[in-house]
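1. heads up, no residue letters with this:
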Ligand SMILES: C[S@@+](CC[C@H](N)C(=O)[O-])C[C@H]1O[C@@H](n2cnc3c(N)ncnc32)[C@H](O)[C@@H]1O
């Protein structure tokens with residue numbers, strides 16, 4: 001039997017200590033930033049160490065969503081000129097880098113692709129990953145820049161040294177994976193959705209994928225419940241994920257729960273969950289791991 005030793009108690013008391021008040025959102029944001037500047041975050045969000053699950057999802061469940069949107073929603077004339085992409089909260093760029101290379105493999109041109117995140121450590125990793133996984137030609141079209149959701153336009157214009165007008169109304173697809181929940185925790189989701197709407201081109205689409213509050217078994221939720229205040233691990237409902245985008249004037253094209261494969265799953269668990277997916281989708285669709293909201297900006301009348 002494991003006997004507690006002095007070090008165990010020190011560790012336990014650290015975990016059990018709840019942090020100071022979050023009345024000031026910048027305290028909470030500072031804590032999120034600290035988490036996403038750690039070595040552990042670098043491991044979780046870079047391709048080589050993130051897990052088999054996310055590689056599978058990028059080629060399948062997530063990939064199908066991205067390609068479905070580009071094929072069915074983005075004007076053909078635009079697709080011919082080249083898609084303009086932005087991943088906000090991109091971490092080490094896994095989604096964006098994968099999307100750029102698979103779009104080009106399928107013969108869909110990319111005009112430019114931008115990844116932003118408030119973590120300098122993750123953005124610097126994203127730049128290295130792009131050098132590693134994209135061709136020099138693709139790299140010329142891809143930029144990563146440190147920018148927080150709260151000041152997305154200001155910090156991106158500063159980081160890229162371009163005027164705001166070159167960004168506004170200029171993106172065909174904006175993607176946020178497992179990042180928009182932080183805006184809900186900081187209670188700035190409406191402002192962030194309005195900013196995203198202003199960056200989308202006419203008929204541009206925003207795809208948000210995030211944790212489903214109804215999925216009962218996220219390991220991080222158990223851990224966070226012990227150590228954090230409720231607002232630090234709050235998860236929005238599907239309705240709450242969608243509302244800021246409809247309030248910002250976007251049309252909700254899809255709102256649903258999906259996906260039973262954890263990003264960090266190894267090869268065995270990925271295979272097992274793929275096999276179980278049809279059954280789970282039949283018996284408990286609202287309990288799937290992710291919430292998906294796809295919203296679109298309407299075309300301006302001439
Ligand atoms: C769970 S990770 C997901 C990373 C990436 N989207 C992926 O799927 O690999 C959440 C990301 O959101 C970023 N993030 C959280 N709050 C943010 C904020 N206020 N502004 C910008 N980025 C933020 C974190 O730095 C982190 O990279």
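-> Structure's in. What do you need? Bear in mind that the values here come from a model prediction, so they are computed numbers and not experimental data. Numbers count the residues shown, from 1 in each chain.

2. Pull the contacting residues for whichever residue of the stretch 1-150 of the chain sits closest to the ligand.
-> The minimum distance from the stretch 1-150 of the chain to the ligand, using C-beta to the nearest ligand atom, falls at residue 91 (2.8 Å). From N, CA and C alone the C-beta is placed, and that goes for glycine too. Residue 91 is in contact with 36, 41, 45, 117, 119, 122, 126, 179, counting by C-beta atoms under 8 Å, 6 or more residues apart in numbering.

3. Please name the nearest non-neighbouring residue to it.
-> With sequence-adjacent residues excluded and distances taken as C-beta to C-beta, 6 or more residues apart in numbering, residue 91 is closest to residue 45, at 3.8 Å.

4. Just confirm yes or no for stretch 35-49 near the ligand.
-> Yes: applying C-beta under 6 Å from any ligand atom, one finds stretch 35-49 in contact with the ligand at 36, 45.

5. Just the buried residues of stretch 265-279, please?
-> Within stretch 265-279, the residues that count as buried by 16 or more other C-beta atoms under 10 Å are 265, 270, 273-274, 277.

6. typo on my end, stretch 145-165
-> If you call a residue buried by 16+ other C-beta under 10 Å, then stretch 145-165 has these buried ones: 145-150, 152, 155-157, 159-160.

7. Identify the farthest-apart pair in the contacts of residue 91.
-> Farthest-apart pair in the contacts of residue 91 is 126 and 179; separation 13.5 Å (C-beta to C-beta).

8. which of those two has more neighbours?
-> Higher neighbour count among residue 126 and residue 179: residue 126, with 28 against 21, using other C-beta atoms under 10 Å.

9. Contacts for the one helix or strand the more buried one maps to next, please.
-> Assigned by DSSP states H and E, residue 126 falls within helix 120-133. For helix 120-133, the surrounding residues in contact (C-beta under 8 Å, 6+ apart) are 36-38, 41-42, 45-47, 90-94, 96-97, 101, 115-117, 138-139, 142, 144-146.

10. try 10 Å
-> 33, 36-39, 41-42, 44-48, 87, 89-94, 96-98, 100-101, 113, 115-117, 119, 138-139, 142-147, 159 (C-beta atoms under 10 Å, 6 or more residues apart in numbering).

11. so does it get close to the ligand?
-> Yes: using C-beta under 6 Å from any ligand atom, helix 120-133 reaches the ligand at residue 122.

12. List the buried residues for that helix?
-> Applying a neighbour-count criterion of 16+ other C-beta under 10 Å, one finds 121-123, 125-127, 129-130, 133 buried in helix 120-133.

13. packing partners for the helix or strand just after it?
-> Moving toward the C-terminus from helix 120-133, the next helix or strand (DSSP H and E) is helix 136-139. Helices and strands touching helix 136-139, by 3 or more C-beta pairs under 10 Å, 6 or more residues apart in numbering; DSSP states H and E, are helix 94-105, helix 120-133.

14. Redo the contacts of residue 91 as CSV? Include pLDDT.
-> Below are the contacts of residue 91 laid out as CSV (pLDDT from 0 to 100):
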residue, pLDDT
36, 92
41, 90
45, 90
117, 98
119, 97
122, 97
126, 97
179, 98
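
15. hang on, the earlier thing: and the residue of the stretch 1-150 of the chain closest to the ligand, what are its phi and psi?
-> Dihedral pair for residue 91: phi 60, psi -130, per degrees, to the nearest 10.

16. From residue 67, how far off is it?
-> Applying C-beta to C-beta, to the nearest Å, the value for residue 91 to residue 67 is 21 Å.

17. go on, residue 93?
-> 19 Å.

18. Next: residue 285.
-> Residue 285 is 22 Å from residue 67, where distance means C-beta to C-beta.

19. quick one: which of those two has more around it?
-> Using other C-beta under 10 Å as the criterion, residue 285 and residue 67 rank with residue 67 on top: 15 against 12.

20. Name the nearest of the contacts of residue 91 relative to residue 192.
-> Nearest to residue 192 out of these is residue 179 (C-beta to C-beta; 9.8 Å).

21. what's around the spatially closest residue to the closest one that is not a sequence neighbour, how many residues?
-> Beyond its immediate neighbours in the sequence, the residue positioned closest to residue 179 (C-beta to C-beta, 6+ apart) is residue 89, lying 2.6 Å away. Neighbourhood size, residue 89 [other C-beta under 10 Å]: 27.

22. need the contact list for residue 89.
-> Listed by C-beta under 10 Å, 6+ apart, the contact set of residue 89 reads 36, 95, 115-119, 122, 147-149, 175-183, 192, 208, 210.
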